[in-house]
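K.L.:
I would like the atomic coordinates for the input below:
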Amino acid sequence: MTYEENNIFAKILRGELPSEQVYEDDQTLVIMDIMPRADGHMLVIPKSPARNMLDATNDQLAACLATVQVVSKAAQQAFNAQGITLQQFNEAAGGQEVFHLHFHVLPRKDGEKLRPPGKMGDSAVISANAEKIRAALSKNR
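P.N.:
Numbering: from 1, shown residues only. Reported below is the predicted structural model:
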């Protein structure tokens, strides 16, 4: 399988589509999921092309996981979450829908179930949740 240059995350990285950005460094970008399954649901993506973890370089994977840790700690603080669910899917049979490597970071509270997949979130709520995470990130620097 080859990398698809026109996937939604590639378009976001090129500035062709809008996104609610939470964090960025030289190698990764973190955006809010527009179909959040939990408050604070984020996506961590590498800035360089990788279809999924099966073809990603060790550097891409390491950069993504380092970013996952940074934003997970901030999300846990921002949402008073007791845990984090990390999801990562590979190829269609594995549940992957967008063929650019990405990690789902979902802050979790005891007893709260994930919302069903595929339902668009309220953009004002998503923006407010992004701001909570950005505020937690700035405290932790």
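K.L.:
what separates Met35 from Asp122, distance-wise?
P.N.:
11 Å (Cβ to Cβ, to the nearest Å). Any C-beta I mention is one placed from the backbone N, CA and C, and that applies to glycine too.
K.L.:
higher neighbour count, those two?
P.N.:
Met35 (13 against 10; other Cβ atoms under 10 Å).
K.L.:
list the contacts of that one.
P.N.:
Going by Cβ atoms under 8 Å, 6 or more residues apart in numbering, Met35 touches Pro117, Gly118, Lys119, Met120, Gly121.
K.L.:
what about the second one, how many neighbours?
P.N.:
Residue crowding around Gly118 was assessed by other Cβ under 10 Å; the count is 8.
K.L.:
repeat for the last one
P.N.:
Around Gly121 sit 18 other residues, with neighbours defined as other Cβ under 10 Å.
K.L.:
test my guess that it contacts Ala38.
P.N.:
No - counting by Cβ atoms under 8 Å, Gly121 stays clear of Ala38, with 10.3 Å between them.
K.L.:
confirm Ile45 sits in a strand?
P.N.:
Yes - assessed with DSSP: H, G, I helix; E, B strand; the rest coil, Ile45 lies in a strand.
K.L.:
so how far is Lys119 from His89?
P.N.:
For residue 89 the amino acid is Phe, not His. Taken as Cβ to Cβ, the span from Phe89 to Lys119 is 18 Å.
K.L.:
of those two, which one has the most company?
P.N.:
Phe89 (16 against 9).
K.L.:
surely the more buried one meets Asn52?
P.N.:
Yes - Phe89 is within contact range of Asn52, at 7.5 Å (criterion: Cβ under 8 Å).
K.L.:
I appreciate the help and will end here.
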